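*Asks:* Got a predicted model here, sequence first, then my questions.
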Amino acid sequence: MAILFDSTSRLFTLTTAHSMYQMKADRYGVLLHTWFGMKGSAFDYSYRIAYADRGFSGNPYDAGDDRTYSLDALPQEFPVYGSGDYRSTALKVRYPDGTAACDLRYLSHEIHKGKYSLPGLPSLYDTLDGNNQPRGICDPTEHDAKSDTLIITLEDTRRMFYVHLYYGVMEDLDIITRAVCVENHSGLDIYLENIQSVCVDYLHGSYDLHTFYGRHVKERNHQRTPLGHGIHSVGSTRGTSSHQYNPFLILSDRDTTEDTGNCYGFSFLYSGDFLGNAELDQYNQTRLLLGIHPDNFCYCVKPAERFHAPEAALAYSAQGLGRLSRIFHQAYRTHLCRGKWTAKRRPVLLNDWEGVYFDFDGDKLIQMARDAADLGIELFVMDDGWFGKRDLDVSGLGDWTVNEKKLGCTLKELSDQIHGLGLQFGIWFEPEGINEDSDLYREHPDWAFTVPGKQPTRSRLQLLLDFSREDVREYIFSHICQVLDSARIEYLKWDLNRSLADLYSASLPAKRQGEVMHRYVLGLYDMLEKLTQRYPDMLIEGCSGGGGRFDAGMLYYTPQIWCSDDTDAIERLSIQYGTSFGYPVSTMGSHVSHCPNEQTRRITPLNTRATVAMSGTFGYELDVNKMTEDEKTIVKAQIREFKEYYDLIQYGDYYRLTDPDTADAYHGWEFAAEDGSEALLCIVALQIHPNGPGRWMCLKGLNADSIYTVNDEEYPGDVLMNGGLLLPTAAEEYESFRIHIVECPAV
Ligand code: GLA
């Protein structure tokens, strides 16, 4: 059993394959956090807490004259506002009398077989039922669950509400999940002003905080900062997880590297506002919090109602950042993404966006598709511009009716012709968006987010629909379904091209307007769930101006997400490198585009563009008609090669070998089969120097005692990992190499 409870000491010890997490309900019923890290004896780690008179840090009343007991100093599992803990806390509740000071104590707990699921919210799952729904907690006899659930209930000492802390212990995956539920039993309304899904307190240690910052067309840059005293926070108040900061954080020891040292990953399964807070306190203790950003949040919980805060996934690695990433990669690939495309080979696609933008008709698309089919491409995607009045990005959003005049045919006719060429067909939507110049806006202006009496904030000259409203969602859903049902469509790209603003919902009373942002996200999830239920075979790709909503919440509905609107292969090295810390390559939408690149005007070899795009979902985004015959020959070979390496790339172990922003001339990464039987080494020459020094790259994940063949030469595995492979000399800037390394059969 991965969850142990010692009733004498009221100690909870949770173990996964390599990690341990421990809590203890102490003598006052306060739930202390006593350990998260290396797996070891289920010893009571609270022995490490030093009690001393804590000046100016208050003492709970029931501690009597004991001045050494202060919640301001103790490591806690779920610290709350107003309890005498002046650090950042995980919960702030406004009581019916207007006060907010709170005190929680342990009441009870339950241990279940199986992994809990959350109503209306994404969560990691142990197993799915026939409808792709997580089975949730279960009777141990029911099925062979590999995970366990612990629910600890704390009670508010004013007897107004319970807090249920959920823990999913996914032993084999090395993941522990957390979620929180507040249950109101007061008979009166209470207001949640802050609820964080995760709090982890570290008693000592000096940590680096790793965050992933960016902007549109430059997402998820890796930043590593030594934590000093005070609070370092990242987050989003944009209504999406955002381009600017990603809801994935790592704490590591100062000397942790890719392959060595302790590190702790925190991933939030949520696609809206979030806050990640790391605080180094007066006693050199570190507190990490992750949850919904409190700024746009105030949620009324009615009598007898429950509020579920989203899930977060936690992992610990004693073997550096690389191993930490691989824990998340495996868990997200196999126990977060759902549906047919999770484990099935996905088609190589051609997206028309950078090829033609809005300038197309049906004939042009068919011509592109014809050439694409010749190249071995399997799916043709018609991006923005096929609906309503949409020849530029200033109008038409919201009018999900096919512009047959522009296409010169019906959608069915277009799709049939594309299928006739042996291709699948896909289509773009931006369901949440609305232009003021649209029939929908003219008919229902109140469906767009605007604050009464204030001019709205536009972005890309558009507004957003109030997805917190069921009637709005139903309307859009039915119109999307009409389009999807009118033709054979195997792929859908779900885009969102602005941040939320002017949050006001005509459907909610004034005192509940603080719920709009969260209700919007729940509405988005509701719609995505309905879509995946109704079209279980459809491949859905998430997108928000590229990677503005690249998060674990979305991956529960869309197994891949367009990584960035920046398709420049060299820029993509950093973007995909940063993304790889928390997310597997199988989720990273990545395409070969034409040169000079649309975003940077940079020219890179076609081979290099493919090396980079292959380290993602792989596709093309250009006008195939404009390619030369030589280029077409190269592309055909690339597609064949990608299919050959598909399993190794998509399901193999991913290793970062260098950091593209600091790499010494050559940047490299590697995919290795789990059993070490083969590997694919990818190298991009960032600089070339005439008469330059030799370059080596040390491989990882091979079997030390085996012999490997590389370009017809043989090397022992330990030699390739320790001495490295001498790399070919690049003849031009940005040249790349894909080097296959194969284990020789044992003699
Ligand atoms: C966003 C997407 C692009 C493309 C355009 C269409 O920017 O990220 O891939 O779909 O919208 O308007």
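*Replies:* Sure, I can see it. Treat the numbers as computed from the prediction; the structure is a model and nothing was measured.
*Asks:* What residues does the residue in the stretch 151-300 of the chain that the ligand sits nearest to make contact with?
*Replies:* Closest contact between the stretch 151-300 of the chain and the ligand, by C-beta to the nearest ligand atom, is at His216 (8.4 Å). (Each C-beta comes from the backbone N, C-alpha and C, glycine too.) Contact analysis of His216 by C-beta atoms under 8 Å, 6 or more residues apart in numbering lists 243, 545-546, 548, 565.
*Asks:* Which ones among these also lie next to the ligand?
*Replies:* Counting by C-beta under 6 Å from any ligand atom, 545-546, 565 from these sit close to the ligand.
*Asks:* Does Phe737 touch Leu727 like I think?
*Replies:* Yes: with contact defined as C-beta atoms under 8 Å, Phe737 reaches Leu727; the gap is 7.0 Å.
*Asks:* Kindly point out which residues are neighbours of both of those two.
*Replies:* By C-beta under 8 Å, 6+ apart, the residues touching both Phe737 and Leu727 are Ile683.
*Asks:* Averaged over its residues, which helix or strand of this protein has the lowest pLDDT?
*Replies:* Lowest by mean pLDDT, DSSP states H and E among the helices and strands of the chain is strand 137-138, with a mean of 92.
*Asks:* partners of it, with directions?
*Replies:* When pairing is defined by DSSP bridges, strand 137-138 lines up against strand 104-114 (antiparallel).
*Asks:* Give the buried residues for the partner strand.
*Replies:* Of the residues in strand 104-114, 104-106, 109, 111-114 count as buried by neighbour count, 16 or more other C-beta atoms under 10 Å.
*Asks:* Export those residues to TSV and append columns for distance to the ligand.
*Replies:* Formatted as TSV, the buried residues of strand 104-114 follow (distance: C-beta to the nearest ligand atom, whole Å):
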residue	distance to the ligand
Leu104	43
Arg105	49
Tyr106	47
His109	45
Ile111	45
His112	41
Lys113	42
Gly114	38
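*Asks:* I'd like the residues you listed laid out as CSV, including pLDDT.
*Replies:* Output for the buried residues of strand 104-114, formatted as CSV (pLDDT from 0 to 100):
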residue, pLDDT
Leu104, 98
Arg105, 98
Tyr106, 98
His109, 98
Ile111, 97
His112, 96
Lys113, 95
Gly114, 96
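*Asks:* which residues touch the next helix-or-strand element following the least confident helix or strand of the chain?
*Replies:* Using DSSP states H and E, the next helix or strand after strand 137-138 towards the C-terminus is strand 147-156. With contact meaning C-beta under 8 Å, 6+ apart, strand 147-156 is reached by 1-3, 12, 14, 23, 31, 77-78, 93, 102-116, 126, 137, 161-171.
*Asks:* Give me the helices and strands touching the helix ranked longest in the chain, please.
*Replies:* Looking across the chain with DSSP state H, the single longest helix is helix 629-651. Judged by 3 or more C-beta pairs under 8 Å, 6 or more residues apart in numbering; DSSP states H and E, helix 629-651 is in contact with helix 362-375, helix 606-614, strand 666-672, strand 678-685, strand 736-743.
*Asks:* Among the ones next to the ligand among the contacts of His216, which one has the most neighbours?
*Replies:* Among the ones next to the ligand among the contacts of His216, the one with the most neighbours (other C-beta atoms under 10 Å) is Gly546, at 24 neighbours.
*Asks:* my guess is that residue contacts Glu571, does it?
*Replies:* No: between Gly546 and Glu571 no contact is recorded; they are 11.1 Å apart, counting by C-beta under 8 Å.
*Asks:* Mutual contacts of the two, please.
*Replies:* 217, 564.
*Asks:* tell me the contacts of the closest residue to the ligand within the chain?
*Replies:* Nearest residue of the chain to the ligand: Asp384, at 3.5 Å (C-beta to the nearest ligand atom). Applying C-beta under 8 Å, 6+ apart, we find Asp384 in contact with 353, 357-358, 390, 393, 428, 430, 495.
*Asks:* Gly723 now?
*Replies:* Applying C-beta under 8 Å, 6+ apart to Gly723 gives the contacts 696, 698.
*Asks:* That one and Cys102, how far apart?
*Replies:* From Gly723 across to Cys102, the span is 59 Å (C-beta to C-beta, to the nearest Å).
*Asks:* Doesn't Thr709 lie inside a strand?
*Replies:* Yes: under DSSP: H, G, I helix; E, B strand; the rest coil, Thr709 falls within a strand.
*Asks:* beta partners for it?
*Replies:* For Thr709, the beta-bridge partners under DSSP bridges are Glu714, Val742.
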